[in-house]
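Asks: Build the 3D model from these lines:
(2 chains)
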Amino acid sequence: MIVLFWTDSLFFLLLFAAAIVLWRARQDEHLVRPLRKVTHSRSAMVSAVLLLAYLLVAVLDSIHFTGGEQGAGAFRNEPVSVLDWLLTPLRIHVEKTYSAPFACDALSREMIADATGQMLWGLPRLQFACSHLEHPEATAAADIASRSLQGLLLGGLAGLLLAAPLWGWRGSREWLGPGWLAVILTVVGLGLIAGWLAALAPFYHVLGTDKVGMDVLYQSLKSIRTGLMIGTLTTLVTLPLALLLGTLAGYFRGWVDDVIQYVYTTLNSIPGVLLIAASILLTQVYMGRHEAEYASLGWRADLRLLFLCLILGLTSWTGLCRLLRAETLKLREMEYVQAARALGVGHLMILRRHILPNLMHLVLISVALDFSSLVLAEAVLSYVNIGVDPTTESWGNMINSARLEMAREPVVWWSLAGAFGFMFVLVLAANLLADAVRDAFDPRRAE
Amino acid sequence: MSHLLEVRNLAVSFRRGGVMQPAVEQISFHIDRGETFALVGESGSGKSVTALSVLRLLPMAGHILSGEICMDGVDLLRVSERSMGTYRGGRIGVIFQDPSTALNPVMTVGQQIREVLAIHVRDDSRSHPARVIRLLQQVGLPRVETMVDAYPHQLSGGQRQRVMIAMALAGEPDLLIADEPTTALDVTIQAQILELLQRIQQETGMALWLITHDLGIVHQMAHRVAVMHQGHILEQSTHAGFFAGPAHDYSQSLLKAMPRIQRCRERPLRETSGHDEPLLVLEDFSLHFPIRKGLLKRQVGAFRAVDQVSLAIGQGETLALVGESGCGKTTLGKALLGLLPGATGTVRWARQLGGHIPSFAQIVFQDPYAAMNPRMTVGEVIEEGMRALRPDWTLSSRRQRCDEMLVAVGLDAGDRIRYPHEFSGGQRQRICIARALAVEPRLVILDEPTSALDVSVQAHILALLRDLRERYGLSYLFITHDLGVVAEVADRVAVMFRGQIVETGEVAQVLLNPREAYTRQLLQALPPLRWGACKLTGDKDRI
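Replies: Residues are numbered from 1 along each chain as shown, chains lettered A, B, ... in the order given. Predicted coordinates:
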């Protein structure tokens, strides 16, 4: 039975809209030319492939369903996503507590019974990791090596299989620049990594486990959806507000400008954290009142995520709006805007054809930067307990819990490293791609 | 005796996108003590790059490939960066083109000059305030005692340029480099600054290296002239030799292209039938900007940008509106088109035109670089007006009209799909003209259409405008500060001063027999060469 959460439907709506925009752009020579220029940049193409991989994970994680034997224990009736289903071994291999990456024993000592039934103080074997081995101390290293080799081979093969049609597709298209080779290599590289993980993850905790024994790799992968949701859905709220109000204020000035400025100055003078806290509490209360409708953990977490995106959007559009207003004030005095007015072009047309396109570089830069800072803001908000629901896997929650683990001896670094690595790749790729796209769309940077 | 500055085989290249592009190629020249040496050239010819190379202040991308720059026998390219500091601002003073950006807005005039003194004059610093006063007096600034504590924004453009000169003189230079010192200034101020430079040169005996595009200034100032074009020095000669007849074709074409006052006589005048209904009549046209103060923004007065102007433009006539910057001529033009709100008075257009101003009056702006949306192709730029004013036209008829206009202004129809940045300044101005003409206007307001362009390009654009006027039966309101250009194109002239029209009349009458003192003042400020006193061989066969 398919379950459609609020964020899922919005996310798919957004993807659908983006697909339509891209499809229509195919017919427009002015848009196709710069987009083709992007394919010449290696870093941009690598970033694009990585982002697509992230997007694929997020999409898989956004198709939820219930039924079957998917849930575990008390969560039997909880909806699970396709990603959960694919990662079933990782999801249900929950250890007791911390364990290091590739470890067969737990991290901390406790009283265990040895083979003869005698109690002693030592490191217990993990419940799931290495459970396929008789004598893990002796054979684990060899086992990891052979499985790695197998995984890398199979993964490489799968990567090549994926890359082959891409290579063939290129044949007829001469405009594809040197970036295409980078695409092929990235696909093969991703295939290698995926194959390696697929071979090892069911038998070992590749990134270790956290305090309650959850696999960190699984958490990191699940967090991708949360990160992308917060980045994209929030932008969905900020962008129309900032674009509309910013250009209107800058272009028409007078009382329109006054009203819009009053609104965003007022909004800006309220500490954002307070607003977010208030709105999150509001949703909690609302869900408490309507307990019947929000009985399931999934729905509660989803509503909280949605409200977090909305309120983050409502508090963060002012910066971009102010920037766009200032730029519009400058642009409206440009001679080409005056020339358009002298030609009798209407206000809306001027806004659409002269102002908006010349603001796009600002929008692109600030959206890329905001995307990163929103992913980071989520971490901060989780710290004060007004971020996403504690049951939702997110990099923020991972970092938040890792903060105490850094003080342990031996240090538990893998939660933080996992969140950091996945976040780093996402944010870097988003920035690099946005840079390349902005440069390509700037006609003043001639070829 | 050796030369003060001697440049031998200097070659400079700029790195652009990994490729070295030569900017200056193997040039040699020298400057002697006490003389004025003029380096003439159009934009991009490499004249400013040469000056920056001498100061070793080239931008990061610029590299001096070879050559020697000797000052009193010392090769400036070999001295240490530290001792170079004693040359810059010390033995070599510099004045830049735009005095409004060359001064630090948060430092007073006195502070900025004292800064130079502190570096280059190593004597008792207690004497500096007195020196500052003396310098400001030397450059002819009024009320020097209060001027010391003034900030740059409190000064006019001419006063700022005087402060720049005072700063350059503070280090008691042997050589003063003046890079287009008067290009940003009005013509009357220009005359004052040039006079000042001449006087100071006589007083101090320093050498003056004048970098300019204006042969009128060269004629007035220079002892020796070098003409630079695309990184090469084409010819060098003395003042008398050069203006008697330049050797190189390029120099001759530069001299010929320069607009002169006398040209208004040589030109055939427009035949006026007299009884035509004028295209446009203005009566008591005013535009006042309110000055508001206080918390409630109460209006305390008004800035009279355009004040009680009465004008008439006949069918097919070119009326030149002349005045210095800030006199309100551009404001008048924009207000006529309804681009500025708040105008009062009567505007009467010819009856057959109808009421929608954009369909019969268009404007061409001064700066062709800012006048087109960089994100639109040339075709979109030109078709924009047709889309708005002729919504019934089909795509193909718009496109046809666009191609037609591009050809009419001397470009290719295929340029439709290119972007504005791919064109030079003159070509861009042609596109702007095509945009204005595409909607079949009767009146085109030309707001300084050539003042951002080089002299030779200016001549082409003026010829094109004359040609288009005949072909399409246009009327022009030609807004300019340049009386030479007026002589080239106008039928009648209106002189504007502080928002008011002080004199109108036929072009020959206003330029050759001005009635008003202000018009005479404008004309007298022109360099003598611009009068057309200098006759060239071959000048006769030009119309």
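Asks: And the residue of chain A closest to chain B?
Replies: Residue of chain A nearest chain B, by Cβ to the nearest Cβ: A:G344 (3.1 Å). Every residue, glycine included, has its C-beta placed from N, CA and C.
Asks: quick one: secondary structure of that residue?
Replies: Secondary structure for A:G344, judged by DSSP: H, G, I helix; E, B strand; the rest coil, is coil.
Asks: All the strands of the stretch 351-500 of chain B, in order from the start?
Replies: Counting by DSSP state E, counting those that start in this stretch, the stretch 351-500 of chain B has strands at residues B:361-364, B:443-447, B:475-480, B:492-497, B:500-506.
Asks: Please work out which of the ones you listed is packed deepest.
Replies: Mean neighbour counts were taken over these using mean count of other Cβ atoms under 10 Å in any protein chain shown, and the top value, a mean of 28, falls to strand B:361-364.
Asks: Partner strands of that strand, with direction?
Replies: Note on strand B:361-364: by DSSP bridges, its sheet partners are strand B:443-447 (parallel).
Asks: quick one, what contacts the most far-flung residue of chain B relative to its centre?
Replies: In chain B, the residue that sits farthest from the middle, by Cα atoms, centre = their mean, is B:D124; the gap is 42.3 Å. For B:D124, the contact set (Cβ atoms under 8 Å, 6 or more residues apart in numbering or on different chains) is empty.
Asks: And it, how far from A:L197?
Replies: 78 Å (Cβ to Cβ, to the nearest Å).
Asks: go on, A:V412?
Replies: 21 Å.
Asks: of these two, who's got more company?
Replies: Between A:V412 and A:L197, counting by other Cβ atoms under 10 Å in any protein chain shown, A:V412 is the more crowded of the two (24 against 17).
Asks: tally of neighbours for the residue nearest to that one when sequence neighbours are not counted?
Replies: Nearest non-adjacent residue to A:V412, counting by Cβ to Cβ, 6 or more residues apart in numbering or on different chains: A:E405, 3.8 Å away. Neighbour count of A:E405, defined by other Cβ under 10 Å: 16.
Asks: What confidence value was assigned to A:E405?
Replies: Per-residue pLDDT puts A:E405 at 79.
Asks: residues in contact with it?
Replies: A:E405 makes contact with A:Y98, A:D210, A:K211, A:V411, A:V412, A:W413, A:S415, A:L416, according to Cβ under 8 Å, 6+ apart.
Asks: Repeat that for B:V218.
Replies: The contact partners of B:V218, taken as Cβ under 8 Å, 6+ apart, are B:A38, B:V40, B:L210, B:T212, B:V225.
Asks: is the fourth one in a bridge, and if so with what?
Replies: Beta-bridge partners for B:T212, by DSSP bridges, are B:V40.
Asks: before we move on, what about the last one?
Replies: When bridges are assigned using DSSP bridges, the partners listed for B:V225 are B:A38, B:S237.
Asks: Correct me if wrong: it contacts B:I233.
Replies: No: the criterion here is Cβ atoms under 8 Å, and B:V225 misses it with B:I233 at 10.4 Å.
Asks: re earlier: Serialize the strands of the stretch 351-500 of chain B to TSV and add fields for distance to A:F16 and mean pLDDT.
Replies: Shown next, in TSV, are those (distance: least, Cβ to Cβ, whole Å; pLDDT from 0 to 100):
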stretch	distance to A:F16	mean pLDDT
strand B:361-364	44	93
strand B:443-447	48	94
strand B:475-480	53	94
strand B:492-497	60	93
strand B:500-506	63	92
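Asks: Using a markdown table, lay out those strands together with distance to A:S373.
Replies: What follows is these, written out as a markdown table (distance: least, Cβ to Cβ, whole Å):
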| stretch | distance to A:S373 |
| --- | --- |
| strand B:361-364 | 44 |
| strand B:443-447 | 45 |
| strand B:475-480 | 49 |
| strand B:492-497 | 53 |
| strand B:500-506 | 56 |
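Asks: residues contacting the closest residue to chain A within the stretch 251-400 of chain B?
Replies: At 3.1 Å from chain A, B:P358 is the closest residue in the stretch 251-400 of chain B, using Cβ to the nearest Cβ. Going by Cβ under 8 Å, 6+ apart, B:P358 touches A:A342, A:L343, A:G344, B:L337, B:G385, B:A388, B:L389, B:V439.
Asks: out of those residues, which one sits closest to A:L351?
Replies: Set against A:L351, the nearest of the contacts of B:P358 by Cβ to Cβ is B:A388 (13.8 Å).
Asks: residue ranges with poor pLDDT in chain B?
Replies: Within chain B, the segments meeting pLDDT under 70 span B:1, B:17, B:123, B:269-275, B:532-543.
Asks: Enumerate the residues of it near chain A.
Replies: B:334, B:337, B:339, B:356-359, B:361-363, B:365-367, B:370-377, B:381, B:384-385, B:387-389, B:417, B:419, B:421-422, B:432, B:435-436, B:439 (Cβ under 8 Å from any Cβ of the partner chain).
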